[in-house]
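>>> coordinates for the following, if possible.
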Amino acid sequence: MHFSNWLVFCGVSLLVTFTPGPAVLLAVSNSVAVGLRLTVASSLGNALGVFIVSAIAMTGMGVVLATSASAFMVLKVIGALYLVYLGIRQWRSDPVAATAPRAASKADAPQAAWRLFRQGLAVALTNPKSILFFSALFPQFLSAEAPVLGQFMVLTSTFVALALLSHAFYVVLMRVLKGRFAASTRGVRWFNRGTGGMFVVLGLSLLGLRNRVA
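Take a look at the predicted model:
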């Protein structure tokens, strides 16, 4: 792979990863609800999901989704329902929990981390737009002169690293802003409702996604 192609890929990936989406929103909401350490679990789950989605796209699933209306509709509905579910749960979450970071015992931390890891993984796997994105993006940067597997690892690892960087940026930004309203359960309640509403909006927007790359 030419270094110049990789730099262009980095630029495109930066624009995509730093545009707030379900994964960023999940990281931000978790950082307020459970703190920074456990939020890492959801981001790592999302990173694994990105690797899986990228591999699926490379094996041709992106073409299937782009040409099969039924397959695309099934995955789209699953993704939309999951985001709406997350939104409803976030809307109804207890605002007091976010203002009491020590409420959870250390014994419960592994279970909570595993739950958040699965949550991040599911957000990545149920987004058909990601598969279409990788299917459209990767061929533009692949070189016929180099092994596909090596290029796949470089491109996917780069995208995942930039995605994690974007999560860290938004989480730190939210932690800075959180100090201004975390002491108030009213502020946290409105934050939960705002992020919950955004999850629902993102989920409903998936239903309007067509089976082609925008």
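>>> helix or strand with the lowest mean pLDDT in the chain?
Counting by mean pLDDT, DSSP states H and E, the weakest-scoring helix or strand in the chain turns out to be helix 95-98, with a mean of 49.
>>> tell me the buried residues in the following helix or strand past that helix?
Under the assignment DSSP states H and E, the closest C-terminal helix or strand after helix 95-98 is helix 109-125. Using 16 or more other Cβ atoms under 10 Å as the burial criterion, the residues of helix 109-125 that qualify are 112-113, 116-117, 119-125. In this view, the C-beta of every residue, glycine as well, is placed from N, C-alpha and C.
>>> and the angle from the helix or strand where residue 160 lies to helix 109-125?
Here residue 160, judged by DSSP H and E, is contained in helix 148-178. Put simply, helix 148-178 runs at 120 degrees to helix 109-125, going by axes from the mean of the first three to the mean of the last three Cα atoms, to 10 degrees.
>>> where in the chain is pLDDT low?
1, 61-67, 71, 93-108, 144, 178-188, 191, 206, 208-214 (pLDDT under 70).
>>> what separates residue 60 from residue 131, distance-wise?
10 Å (Cβ to Cβ, to the nearest Å).
>>> again with residue 87
Taken as Cβ to Cβ, the span from residue 87 to residue 131 is 22 Å.
>>> same check on residue 19?
Where residue 131 is concerned, residue 19 sits at a distance of 17 Å (Cβ to Cβ).
>>> which of these two has more neighbours?
residue 131 (24 against 9; other Cβ atoms under 10 Å).
>>> could you check which helix or strand contains the more buried one?
helix 128-141.
>>> over to residue 57?
Following DSSP H and E, one finds residue 57 within helix 36-58.
>>> tell me what that helix is packed against?
Under the contact criterion of 3 or more Cβ pairs under 8 Å, 6 or more residues apart in numbering; DSSP states H and E, helix 36-58 touches helix 22-34, helix 109-125, helix 128-141, helix 148-178.
>>> now do the contacts for the residue of the chain positioned farthest from its centre.
Relative to the centre of the chain, the most outlying C-alpha is that of residue 145, 32.3 Å out, by Cα atoms, centre = their mean. Contact analysis of residue 145 by Cβ atoms under 8 Å, 6 or more residues apart in numbering lists nothing.
>>> and the residue positioned nearest the centre of the chain, how close does it get to residue 174?
Per Cα atoms, centre = their mean, the C-alpha nearest to the average position across the chain is that of residue 23, at 2.1 Å. Computed as Cβ to Cβ, the residue 23 to residue 174 distance reads 14 Å.
>>> swap in residue 201?
Distance, residue 201 to residue 174, using Cβ to Cβ: 18 Å.
>>> what about those two, which has more around it?
Neighbours were counted for residue 201 and for residue 174 using other Cβ under 10 Å; residue 174 has more, 17 against 12.
>>> ok, back up a step: by contact count, what packs against the helix holding residue 131?
helix 3-17, helix 36-58, helix 61-67, helix 69-92, helix 148-178.
>>> could you redo the last one with a cut-off of 7 Å?
Counting contacts by 3 or more Cβ pairs under 7 Å, 6 or more residues apart in numbering; DSSP states H and E, helix 128-141 packs against helix 3-17, helix 36-58, helix 61-67, helix 69-92.
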